[in-house]
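>>> Provide a 3D model corresponding to the input given below.
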Amino acid sequence: MAQPPIFSLEGLALQQGGRWLFGGPTPSSGAAPIDLHVLPGDRLALIGRNGAGKTTLLKIITGRIEADRGQRRVKPGTKIVFLEQEPDFSGAKTLMDFALSGDDAPAAHEVEAIAGQLGIDMTRDAATASGGERRRAAIARALAQEPDLLLLDEPTNHLDLGAIDWLEDWLSRYRGAFITISHDRTFLTRLTRATLWLDRGTLRRKEVGFGGYEAWEEQVYAEEARAAERLDAKLKIEAHWLERGVTARRKRNQGRLEKLHQMRAVRAAMISGAGTAKLKLASDDDFKSKSVIVAEGISKTYGERPVIKPFSLRIQNGDRIGIVGANGAGKTTLLKLLTREIEPDTGSVTHARTLSGVMIDQQRKLLEPDATVRQILAEGGDWIDVRGVRKHVQAYLKDFLFDPGLVDTKVGILSGGERSRLLLAREFARTANLLVLDEPTNDLDLETLDLLQEVIADFDGTVLIVSHDRDFLDRTVTITLGLDGSGKVDIVAGGYADWEAKRRKPVAAKPAATARKDEAAAPPPPPPPKAGPKLSYKDQRDYEILPARIAELEVAIAKGEAILADPELYAKDPQRFATISKGIENARAEKDVAEERWLMLAEQVEG
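Numbering: from 1, shown residues only. Here you go, the predicted structure:
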């Protein structure tokens, strides 16, 4: 017999900022009212874009926000605990003071037990504690309350890999129900059994974990796209970037992932057994000419602790370097050494003369809340220079998954995730050939992460990434620099999974003489993979010319969208508006077909 729910929302509607975020007073006012039932033992992923209302929904579940309409029902005796994304530590002298505050504070010994497993000293001053220490303290406080329903808002933010593993293990054994918002695909895939999708004010539920979410999402969008064919051209153009952008982006990303795997294979052949990245080419001068960062025998010690033991690395233009390790292992120190923000104790770091970088750090400079989106991106104008190419600000907003209508919205009204996305949009517009990203995935939704992966893959330069997001690293980097806390830096071709596999694989030590003999006798590295089966004349021609045609179509679409951005065009010249709209529609359709055709041919050539 099915168990009754421990929590329910029925007919929920909420107005926020002058619009109905969920539901509405009438069927025509927006999305349908929300119904939600949580059963004992549910493991739910809550998915949705930044600004969709995910955190607001969790606050409604806790009772902190009261809805305008609808019923909230809690089974008697059910304890609901909310792990907030940014807990309030004001008024707490120590982390333990924070953990024991509130009307329903946990027992001190329960907090201490969990804190000990997480490796956090609860006597730390709350005001000076790091983001990672605060996050662990908040987790200890939440779990020690022994909730029946646990609400988790980005629980892995600021956690290192060891703490994430611990939390995953705890939740896998947890007998209560939980709902989690997270950008960490690995975390969601391992733990969730059902998915709640909050999309344009509608809450959908499917009894599949996050591993099946993307297929479900594409199925829903495909059904909506078929329904949209019956709508007028203007509405289709306005909705196209939302309904089809995700699916098209994922198709392109499949091709990019194939390219990434090939880059890793070539890079693996360049890394010697000693762990030093060294290209085995006929001409060493050729390799040096392509190097943008050269580290020779660099090390760094603080006090008596070796943070970075001597190691060497040559980074080529186009490399995507991931840096991983526990908090305190030396990731930031290594990043600062490679970017020459600090000097090494031994060795040297040399940069190519033409190297110019943009850094987006985990602290993310605050954006002025009273400034508008237009002011942040285009200094109040209509156009923005995107890496040397002029683009209309509203068209650029679409590229970063914003509604173009937000162009004159104040930053203070945006959600935290939307502000992070806006900052990324501004920084990625700058002209540079080096991107330095320190924990770039914090506060981003899954679709923005897809976009970020695409931008990194298409970036014509070198990328350095510090991140604890395992899936993100597996999808973006060609080389991983792994730090185990002893000062040693492992250099591994591939992403996080490749580094983890190397760490778990035992390696038998060899006598020095044998090792030198083996190295001398080692065969040369394999050449890059050869092309696949020979294409027909027509296929070969399409493979060669389609990229240029796709680029032409993108330019045509951007020009058309720039013209349509004029709010007075429809009133002044409705016929021209309709003609341009139809042209954009046709160009998008041709572009989709061309992209799918080229990807199919690329798989044959590169497979």
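>>> residue ranges of the strands in the stretch 251-400 of the chain, please?
Taking DSSP state E, counting those that start in this stretch as the test, the strands found in the stretch 251-400 of the chain are 291-302, 305-316, 320-325, 346-351, 357-360, 383-386, 389-392.
>>> quick one, which of these is packed in tightest?
Comparing the strands of the stretch 251-400 of the chain by mean neighbour count (mean count of other CB atoms under 10 Å), strand 320-325 ranks first with a mean of 25. Every residue, glycine included, has its C-beta placed from N, CA and C.
>>> tell me what it is packed against?
helix 331-338, strand 462-466, helix 470-476, strand 479-483, helix 496-504 (3 or more CB pairs under 8 Å, 6 or more residues apart in numbering; DSSP states H and E).
>>> and the second one, which strands flank it?
Just to be clear, that refers to strand 462-466. According to DSSP bridges, strand 462-466 forms sheet pairs with strand 320-325 (parallel), strand 434-438 (parallel).
>>> care to break this protein down by domain?
7-79+147-221, 259-356+432-521, 531-607 (automatic domain parsing).
>>> closest to residue 112 out of these?
Residue 112 lies closest to domain 7-79+147-221 among the domains of the chain, at 15.6 Å (CB to CB).
>>> start and end of that closest one, how far apart?
End-to-end distance for domain 7-79+147-221, by CA to CA, to the nearest Å: 29 Å.
>>> pull the distance from it to the chain's centre.
Centre-to-centre, domain 7-79+147-221 and its host chain are 19 Å apart (CA atoms, centre = their mean, to the nearest Å).
>>> now the strands paired with strand 462-466 in TSV, with mean pLDDT and distance to residue 492?
Shown next, in TSV, are these (pLDDT from 0 to 100; distance: least, CB to CB, whole Å):
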stretch	mean pLDDT	distance to residue 492
strand 320-325	93	9
strand 434-438	89	19
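>>> could you dump these to a markdown table with distance to residue 543?
Putting those into a markdown table (distance: least, CB to CB, whole Å) gives the following:
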| stretch | distance to residue 543 |
| --- | --- |
| strand 320-325 | 25 |
| strand 434-438 | 29 |
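>>> strands of the stretch 1-150 of the chain, start to end?
For the stretch 1-150 of the chain, the strands defined by DSSP E, counting those that start in this stretch cover 7-16, 19-22, 34-38, 43-47, 69-74, 80-83, 149-153.
>>> need those in JSON lines with distance to residue 418 and mean pLDDT, can you?
As requested, those are exported to JSON lines (distance: least, CB to CB, whole Å; pLDDT from 0 to 100):
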{"stretch": "strand 7-16", "distance to residue 418": "14", "mean pLDDT": "92"}
{"stretch": "strand 19-22", "distance to residue 418": "14", "mean pLDDT": "84"}
{"stretch": "strand 34-38", "distance to residue 418": "21", "mean pLDDT": "94"}
{"stretch": "strand 43-47", "distance to residue 418": "16", "mean pLDDT": "96"}
{"stretch": "strand 69-74", "distance to residue 418": "26", "mean pLDDT": "94"}
{"stretch": "strand 80-83", "distance to residue 418": "21", "mean pLDDT": "97"}
{"stretch": "strand 149-153", "distance to residue 418": "15", "mean pLDDT": "97"}
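>>> and of the ones you listed, who's closest to residue 139?
Across the strands of the stretch 1-150 of the chain, residue 139 has its closest neighbour in strand 80-83 (6.5 Å, CB to CB).
>>> residues in contact with the closest one?
Here strand 80-83 makes contact (CB atoms under 8 Å, 6 or more residues apart in numbering) with 7, 58-59, 61-64, 74, 138-139, 142, 145, 147-153, 155.
>>> which of the helices and strands in the protein ranks last by mean pLDDT?
None of the helices or strands of the chain scores lower by mean pLDDT, DSSP states H and E than helix 512-521, at a mean of 42.
>>> report the next helix or strand after that helix in sequence order.
Per DSSP states H and E, the first helix or strand lying C-terminal to helix 512-521 is helix 537-564.
>>> can I get the CA coordinates of the helix or strand following that next one in PDB?
Where DSSP H and E defines the elements, the next helix or strand beyond helix 537-564 is helix 569-572. Extracted in PDB, the C-alpha atoms of helix 569-572 (Å, rounded to 0.1, in the frame of the first residue of the first chain):
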ATOM      1  CA  LEU A 569       9.700  48.400 -36.200                       C
ATOM      2  CA  TYR A 570       6.500  46.400 -36.100                       C
ATOM      3  CA  ALA A 571       4.400  49.500 -35.700                       C
ATOM      4  CA  LYS A 572       6.200  51.400 -38.400                       C
END
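>>> now do helix 569-572: which elements does it pack against?
Helices and strands touching helix 569-572, by 3+ CB pairs under 8 Å, 6+ apart, are helix 574-606.
>>> chain center to the helix it packs on: distance?
27 Å.
>>> check which residues of that helix are buried.
Of the residues in helix 574-606, 577, 580-581, 583-585, 587-588, 590-592, 594-595, 598-599, 601-602 count as buried by neighbour count, 16 or more other CB atoms under 10 Å.
>>> tell me the angle of that helix relative to helix 537-564?
Angle, helix 574-606 to helix 537-564, by axes from the mean of the first three to the mean of the last three CA atoms, to 10 degrees: 150 degrees.
>>> rounded mean pLDDT for helix 574-606, please.
Helix 574-606 carries an average pLDDT of 78.
>>> packing partners for it?
Helices and strands touching helix 574-606, by 3+ CB pairs under 8 Å, 6+ apart, are helix 233-243, helix 245-268, helix 537-564, helix 569-572.
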